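Colleague: Let's see this in three dimensions:
(chains A and B)
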Amino acid sequence: EAGVAQSPRYKIIEKRQSVAFWCNPISGHATLYWYQQILGQGPKLLIQFQNNGVVDDSQLPKDRFSAERLKGVDSTLKIQPAKLEDSAVYLCATGLSLYNEQFFGPGTRLTVL
Amino acid sequence: AQSVAQPEDQVNVAEGNPLTVKCTYSVSGNPYLFWYVQYPNRGLQFLLKYITGDNLVKGSYGFEAEFNKSQTSFHLKKPSALVSDSALYFCAVRDISDSGYALNFGKGTSLLVTP
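Modeller: Numbering: from 1, shown residues only, chains lettered A, B, ... in the order given. Below is the predicted model of the structure:
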């Protein structure tokens, strides 16, 4: 069974630039999560989807971050404009339902200079 | 509110010895508890979970965890450590009554198994 796919794996941008990350879930997984993991910390939830609907985006900095999951499959996370403190690994995770364990992709390491 | 504490930044153990990685939690209702492992430059891998039932949960790679409600703990254990177990371990909790369904992760514990 294929796992969660994410791209790109690494991205380096300058502050105030824009960046987008892509996630392809495990087939049949209804729930999708985006996490931010800053070095030395545990992942912090940014947003979670159930199919193509948002379940929780209370931790998403909406002035600069946006996410969508069109057609309830792939998802994109965008940062516009990026700040230095956005440097982190962005993890995508998916699950069969909100009650099941989550399976994580390899992450995208973002460096903002 | 819900939270997880992993009191040890690093745990060192010799290969072949038993290992324990500690986790305590705080939730207002009943917890869902998880352990994940993260190898360098890779995403988190699911190890095991406690939802309900037997307090001793067995998971992948020979790991197990014991749910202790009175001590609000969910320590990860393995009877005999391998060098390949060296990685970063995260405990996570979700309050069953929390409608947000979000997982709260601890800060992680680095496990180093020496030959």
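Colleague: Just list the residues touching the residue nearest the centre of chain A, thanks.
Modeller: With distances taken as CA atoms, centre = their mean, residue A:34 lies nearest the centre of chain A, 3.1 Å away. Counting by CB atoms under 8 Å, 6 or more residues apart in numbering or on different chains, residue A:34 touches A:23, A:45, A:46, A:47, A:48, A:67, A:75, A:77, A:90, A:91, A:92. To be clear about C-beta, it is placed using only N, CA and C from the backbone, and glycine gets the same treatment.
Colleague: Quick check, pLDDT for the closest residue to residue A:113 other than its chain neighbours.
Modeller: Sequence neighbours aside, residue A:14 is the residue nearest to residue A:113 in space, at 5.2 Å (criterion: CB to CB, 6 or more residues apart in numbering or on different chains). The score at residue A:14 is 97. That number is its pLDDT.
Colleague: so how many other residues sit close to residue A:29?
Modeller: 19 (other CB atoms under 10 Å in any protein chain shown).
Colleague: Name the nearest residue to it, sequence neighbours excluded.
Modeller: residue A:94 (3.8 Å).
Colleague: And that neighbour, how close does it get to chain B?
Modeller: Distance from residue A:94 to chain B, counting by CB to the nearest CB, to the nearest Å: 11 Å.
Colleague: Isn't that residue up against residue A:2?
Modeller: No: at 11.3 Å, residue A:94 does not count as touching residue A:2 under the criterion of CB atoms under 8 Å.
Colleague: Might you report the residue contacts of the residue of chain B found nearest chain A?
Modeller: Minimum separation of chain B from chain A (CB to the nearest CB) falls at residue B:105, amounting to 3.2 Å. Shown in contact with residue B:105 (CB under 8 Å, 6+ apart): A:42, A:43, A:44, B:4, B:36, B:90, B:91, B:92.
Colleague: Many thanks, we can stop here.
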